[in-house]
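K.L.:
Got a predicted structure plus its sequence, pasted below:
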Amino acid sequence: QVRLVESGGGLVQTGGSLRLSCSVSGSMFSINLLGWYRQAPGKQRELVATRTEGGSTKYADSVKGRFTISRDNAKNTVALQMNSLKPEDTAVYYCNAHSAVPRIVEGRYEYNYWGQGTQVTVSS
């Protein structure tokens, strides 16, 4: 099992910055991708940024150039630095760990672990 705990959300004005952090613990041997997703009210959860074990990163077009994902292997954390925030960045942000080995959850294969989410609100 893998446990993810996010921190760092809050309220910020347009143009401001926030740094989200996710503490990762548990059995990490099968985890091949860490990332951040977000879900705004009335919308589906969407990818924000991901980082592979090898350090390759991927960003949603809407956050490219503004957000940076990073990992600290010594502290077992993955962070999301968010700059030049916009009101449309308002959402609950979730830390994600993707496993190469699935587990059985309610009779189906599950590859993802999720944190509890942290609220980010950008005021205009």
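P.N.:
Done, it's in. Just so you know, these numbers come straight off a predicted model, no measurement behind them. Residues are numbered from 1 along each chain as shown.

K.L.:
Quick one: residues contacting the residue most central in space within the chain.
P.N.:
Centroid-nearest residue in the chain: Trp36, 1.7 Å away (criterion: C-alpha atoms, centre = their mean). By C-beta atoms under 8 Å, 6 or more residues apart in numbering, the contact list for Trp36 reads Leu20, Cys22, Val48, Ala49, Thr50, Ile69, Val78, Leu80, Tyr93, Tyr94, Cys95, Asn96. Using the backbone N, CA and C atoms, a C-beta is placed for each residue, glycine as well.

K.L.:
That one bridge partners, please.
P.N.:
Ala49, Cys95 (DSSP bridges).

K.L.:
Could you pull up the contacting residues of Gln81?
P.N.:
Ser17, Arg19, Phe67, Thr68, Ile69, Ser70.

K.L.:
So which of the residues you listed belong to strands?
P.N.:
Arg19, Phe67, Thr68, Ile69, Ser70 (DSSP state E).

K.L.:
hmm, back to that, return the distance of the residue nearest to the centre of the chain relative to Ser7.
P.N.:
When distance is defined by C-beta to C-beta, to the nearest Å, Trp36 is 13 Å away from Ser7.

K.L.:
PyMOL command to pick out the buried ones of the contacts of Gln81?
P.N.:
Burial among those is assessed by 16 or more other C-beta atoms under 10 Å; the matching PyMOL selection reads:
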select buried, resi 67+68+69
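
K.L.:
now, among the contacts of Gln81, which is nearest to Tyr109?
P.N.:
Ile69 (26.0 Å; C-beta to C-beta).

K.L.:
Isn't that closest one up against Leu47?
P.N.:
No: Ile69 is beyond contact range of Leu47, at 11.0 Å (criterion: C-beta atoms under 8 Å).

K.L.:
who touches both of these two?
P.N.:
Shared contacts of Ile69 and Leu47, defined by C-beta under 8 Å, 6+ apart, comprise Gly35.

K.L.:
returning to what we had before: how near is the residue nearest to the centre of the chain to Glu53?
P.N.:
From Trp36 to Glu53 the distance is 16 Å (C-beta to C-beta).

K.L.:
Over to Leu34?
P.N.:
Leu34 is 9 Å from Glu53, by C-beta to C-beta.
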